[in-house]
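Novice: requesting a structural model of the entry that follows:
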Amino acid sequence: MADKQTIKHCVEMCTRTANDLRSSANNITDPAVRDMLTQGAHHIELCIRQCDMATKL
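Specialist: Residues are numbered from 1 along each chain as shown. As a prediction, the model looks like this:
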């Protein structure tokens, strides 16, 4: 298993990516595309939560 520092770095990168997806979604007029970007950000956030839990074990 990766050490906590590696997981923390990954979480930071994923957080930036999720925020970038949400920012991009805010600039999209097509509702289907906006929804897909938002869903992608949500899935990344679910992964972040799992990684956070793994570091607390």
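Novice: ok, residue 47 to residue 10 distance?
Specialist: Using CB to CB, to the nearest Å, we find residue 47 at a distance of 9 Å from residue 10. Using the backbone N, CA and C atoms, a C-beta is placed for each residue, glycine as well.
Novice: and residue 41, by the same measure?
Specialist: In terms of CB to CB, residue 41 sits 16 Å off from residue 10.
Novice: tell me the pLDDT at residue 1?
Specialist: For residue 1, the pLDDT comes out at 59.
Novice: which helices and strands does the helix or strand harbouring residue 19 pack with?
Specialist: Using DSSP states H and E, residue 19 sits within helix 4-26. With contacts taken as 3 or more CB pairs under 8 Å, 6 or more residues apart in numbering; DSSP states H and E, helix 4-26 sits against helix 31-55.
Novice: helices or strands up against the helix it packs on?
Specialist: Applying 3+ CB pairs under 8 Å, 6+ apart, we find helix 31-55 packed against helix 4-26.
Novice: and the closest residue to residue 25 other than its chain neighbours, how many neighbours?
Specialist: The shortest distance from residue 25 to any non-neighbouring residue, by CB to CB, 6 or more residues apart in numbering, is to residue 37 (3.8 Å). Neighbour count for residue 37, taken as other CB atoms under 10 Å: 19.
Novice: for residue 37, give me its contacts.
Specialist: 21-22, 24-25, 28 (CB atoms under 8 Å, 6 or more residues apart in numbering).
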